[in-house]
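*Asks:* What shape does this take:
(chains A and B)
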Amino acid sequence: MRTDDPIADLERELVAGYRRERARAHLAPWRRIRVGGPALRFGALGVVMACILGTVGLIYQGEPEERSLQAADLGDAVPSAVDPGAPGPNAEPYAEPVRFRSLPPGWTQSDSGSQRITAHPGAKTWTLVTSWPYVENPRGAAHVLPENEFFMQISLLRSQFQDTAKGDLCKGVAPSGQYPNLNLQEVSFNEADRVDPGFTGLPEYRVQGSFETEYYIEIRLVVRELPASEDSLAAAERALAGLELPDWPDRC
Amino acid sequence: MRPLDQATDEELFRLGAENEEAFVALYRRHARPLLAYYARRTSDPELAADACAEAFAVLAHHVLAGKKPPRSVSGWLYGTARHKVADAQRHGYAEARARARLGIPRLELTDVGIEAVHRAATETLVTAALNDLPKAQRDAIEARVVRDAPYETIARTQDVSPTTARQRVARGLAKLRTTVERPTE
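*Replies:* Residues are numbered from 1 along each chain as shown, chains lettered A, B, ... in the order given. Got it, this is the predicted structure:
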């Protein structure tokens, strides 16, 4: 939407959005129901927390073997759960971004760093990979994307989506039709969704899926124009195959 | 009950869950300075507009969800916008999740829009700088620049010599110029 007066236009759009959201809330009144007084709610919360902690404790005892099976499914992309240097069971529940073990010369990668996992809104980490020696600048990679180059953003999310059941985001994500299990070794950008313009105003290829119930994965490959060259797509796919998927805790 | 323009941010935040006017009052109180601040800080009006829009969209969600107001609504808004700017600087675009949920489209600034943001940034800066000046200098500048009063009149009003009145205007304007031209940290 083009605007001559951003402050007034944003106010109008915000108010329209506010009305829509309020109407939705009124259509779903259960969202606003508050049961009992503060003391009762606090007591109920304590019981629920105790149940969750007990269940998490029980599940945790059998977890390492399950993790190894998941790692085998992903070939070389070994989660850090099988890494002897991985955090122990008492480590703080932080979500890690993906890291590329090796990249071609001249490429760069940067990431969001670790994020604390919470029951709500969960956690999100991201990693940015550029196929050229990108130096961070205030306007971002999209504004300095050279001809025939690309960048990829890989986001890991533990979030609630509209079609997912309400679950405990401390433990993982609920299955979602929009996020089927994804094998990164088999990603093909030729078969991916194409969006033009994407979030950056440039065209992009999008792939999304999930790693079991650990987190959702969103991949955006941003290019100068569609279709990208076969060389670029192949280079991006090779880079993904070298992706090191982190192991996220299943507790908060 | 007090009129909305006299209510505290916290009161507007609480009222906003059911009262649209309270939410609008909160927006009007903070939108311009927030946009101006980030336009100066990033030197990028579009990025500033994106970050502000997302910050207010998140605010709308919190208000409508009946959440507890933050200790400082203003501090919360600046902090949220700062995160959006930082994200945009790393990713190349500002996150628009909250706006998408409210159905708010991305604002693309025309040349006139960009000019409006620059003007807001400068005006906000000048107003703040003017308020920082000693009262005598501020009054002298207002008399000379806004009302076009001669130095003799200003001198009589302030009970000083015309030379002192001239110095107050000159020094005040020099200080304003320094503030406006200083790069944002």
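*Asks:* for chain A, what spans make up the helices?
*Replies:* Remark: helices assigned in chain A by DSSP state H are A:6-27, A:38-61, A:63-73, A:230-241.
*Asks:* And those helices, which one averages the lowest pLDDT?
*Replies:* When these are ranked by mean pLDDT, helix A:63-73 comes last with a mean of 28.
*Asks:* So which bits of the stretch 101-250 of chain A are right by chain B?
*Replies:* Applying Cβ under 8 Å from any Cβ of the partner chain, we find that the stretch 101-250 of chain A lies next to chain B at A:110, A:112, A:126, A:128, A:136-143, A:151, A:153, A:199-201, A:222. All C-beta atoms are positioned from the backbone trio N, CA, C, and that covers glycine.
*Asks:* Is chain A within reach of stretch B:114-134?
*Replies:* Yes. Against chain A, stretch B:114-134 shows contacts by Cβ under 8 Å from any Cβ at B:Ala116, B:Val117, B:Ala120.
*Asks:* quick one: contacts of that stretch?
*Replies:* Stretch B:114-134 is contacted from outside by A:4-7, B:32-33, B:35-37, B:39-40, B:45-46, B:48-49, B:109, B:138, B:141, B:172, B:175-176, B:179-180, using Cβ atoms under 8 Å, 6 or more residues apart in numbering or on different chains.
*Asks:* could you redo the last one with a cut-off of 6 Å?
*Replies:* Residues from elsewhere that reach stretch B:114-134 (Cβ atoms under 6 Å, 6 or more residues apart in numbering or on different chains): A:Asp5, B:Arg32, B:Pro33, B:Ala36, B:Ala39, B:Arg40, B:Pro45, B:Arg138, B:Gly172, B:Leu176, B:Thr179, B:Val180.
*Asks:* what about the third one, how many neighbours?
*Replies:* Other residues near B:Pro33 come to 17 when the count uses other Cβ atoms under 10 Å in any protein chain shown.
*Asks:* hang on, isn't B:Ala98 packed against B:Val58?
*Replies:* Yes. With contact defined as Cβ atoms under 6 Å, B:Ala98 reaches B:Val58; the gap is 4.4 Å.
*Asks:* tell me the strands in chain B, going along the chain?
*Replies:* Using DSSP state E, the strands of chain B run over B:108-109.
*Asks:* Work out which residue lies at the spatial centre of it.
*Replies:* With distances taken as Cα atoms, centre = their mean, the residue of chain B nearest its centroid is B:Pro33 (1.2 Å).
*Asks:* confidence score at the closest residue to that residue other than its chain neighbours?
*Replies:* Excluding the flanking residues, the one nearest B:Pro33 by Cβ to Cβ, 6 or more residues apart in numbering or on different chains is B:Thr124, at 5.6 Å. In this model, B:Thr124 is scored at 78, pLDDT.
*Asks:* how close does B:Thr124 sit to chain A?
*Replies:* B:Thr124 sits 12 Å away from chain A, going by Cβ to the nearest Cβ, to the nearest Å.
*Asks:* Close to chain A: what parts of chain B are there?
*Replies:* Contacts of chain B with chain A, taken as Cβ under 6 Å from any Cβ of the partner chain, map to B:23, B:27, B:31-32, B:42, B:49, B:53, B:56, B:60, B:64, B:88-89, B:91-93, B:102-105, B:107-108, B:110, B:112-113, B:116.
*Asks:* Emit the ChimeraX select command for whichever of these are buried.
*Replies:* Those of the residues of chain B next to chain A that count as buried under 16 or more other Cβ atoms under 10 Å in any protein chain shown are selected in ChimeraX with:
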select /B:23,27,31,32,42,49,53,56,60,64,88,89,91,92,93,102,104,107,113,116
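*Asks:* Who are the contact partners of the residue of chain B most remote from its centre?
*Replies:* Relative to the centre of chain B, and counting by Cα atoms, centre = their mean, the farthest-placed residue is B:Ser161 at 36.7 Å. B:Ser161 makes contacts with B:Ala155, as judged by Cβ under 6 Å, 6+ apart.
*Asks:* now do A:Arg22
*Replies:* Contacts for A:Arg22 (Cβ under 6 Å, 6+ apart) come out as B:Leu64.
*Asks:* that older thread, could you dump the residues of stretch B:114-134 next to chain A to JSON lines with pLDDT and distance to A:Pro97?
*Replies:* Output for the residues of stretch B:114-134 next to chain A, formatted as JSON lines (pLDDT from 0 to 100; distance: Cβ to Cβ, whole Å):
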{"residue": "B:Ala116", "pLDDT": "88", "distance to A:Pro97": "38"}
{"residue": "B:Val117", "pLDDT": "89", "distance to A:Pro97": "33"}
{"residue": "B:Ala120", "pLDDT": "84", "distance to A:Pro97": "36"}
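*Asks:* what pLDDT does A:Arg224 get?
*Replies:* Reported pLDDT at A:Arg224 in the predicted model: 92.
*Asks:* what about it, neighbour count?
*Replies:* A count of nearby residues for A:Arg224, using other Cβ under 10 Å, gives 15.
*Asks:* who's in contact with it?
*Replies:* Counting by Cβ under 6 Å, 6+ apart, A:Arg224 has contacts A:Leu145.
*Asks:* Go again with 7 Å.
*Replies:* Shown in contact with A:Arg224 (Cβ atoms under 7 Å, 6 or more residues apart in numbering or on different chains): A:Leu145, A:Glu147, A:Leu202.
*Asks:* Pop out the phi and psi values for the nearest residue to the first one once chain neighbours are set aside.
*Replies:* Spatial nearest neighbour of A:Leu145, chain neighbours left out: A:Arg224 (6.0 Å); criterion: Cβ to Cβ, 6+ apart. Comment: the main-chain dihedrals of A:Arg224 come out as phi -70, psi -40, following degrees, to the nearest 10.
*Asks:* Are any of the contacts of A:Arg224 buried, and if so which?
*Replies:* Among those, those buried by neighbour count (16+ other Cβ under 10 Å) are A:Leu145, A:Leu202.
*Asks:* Can I get the contacts of A:Arg224 in CSV including distance to A:Gly177?
*Replies:* As requested, those are exported to CSV (distance: Cβ to Cβ, whole Å):
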residue, distance to A:Gly177
A:Leu145, 32
A:Glu147, 38
A:Leu202, 28
